[in-house]
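Student: Could you work out the structure for the sequence below:
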Amino acid sequence: MAELDPKNPKEGARFRYESDLSMVKQVLSKLDPINLMKHGAPADEYDQEAAKIVAGLRRCTTTQEVQQLIYTVFEELFGREIAGNSDLYREAATKIFHSLKPSLGNSGNSGDRKNRRRSK
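Tutor: Presented below is the predicted three-dimensional model:
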């Protein structure tokens, strides 16, 4: 398969998606919020969760929104009992948000969002 050209708008979007997806998969696998990897799950165990998270990331403007998104995805796929408390996803949300901050809905925190509204 040919390499994607990030300068081509169509290919650039695909390149960003694949890059974001790879990063989210790595974060989830490393942090293993519900201990699947610890119990011998395959390396692609969090692929479905990562795809759902990446699909929702553009609507997130704060670390807290990313954390809620991750928790919601895990709760939908595993149920509340297995997903546990949303605090389990704070570290993953922080890593994901700070890695993707420039491309998310807002490049700052919730205070920045308030300031942006005032300046309009």
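Student: where does the chain have low pLDDT?
Tutor: Applying pLDDT under 70 to the chain flags the ranges 1-9, 105-120.
Student: pull the longest helix from it.
Tutor: Ranked by residue count under DSSP state H, the longest helix found in the chain is helix 9-31.
Student: Give me the distance from it to the chain's centre.
Tutor: Distance of helix 9-31 from the chain centroid (Cα atoms, centre = their mean, to the nearest Å) equals 9 Å.
Student: Please enumerate residues in contact with whatever helix or strand comes next after that helix?
Tutor: Later in the chain than helix 9-31, the nearest helix or strand by DSSP states H and E is helix 47-57. If you take Cβ atoms under 8 Å, 6 or more residues apart in numbering as the criterion, helix 47-57 is touched by 17, 20-21, 24-25, 28, 66, 69-70, 73-74, 76-77, 96, 100, 104. Placement of C-beta: from N, CA and C, glycine included.
Student: and residue 38, what is it in contact with?
Tutor: Counting by Cβ under 8 Å, 6+ apart, residue 38 has contacts residue 32.
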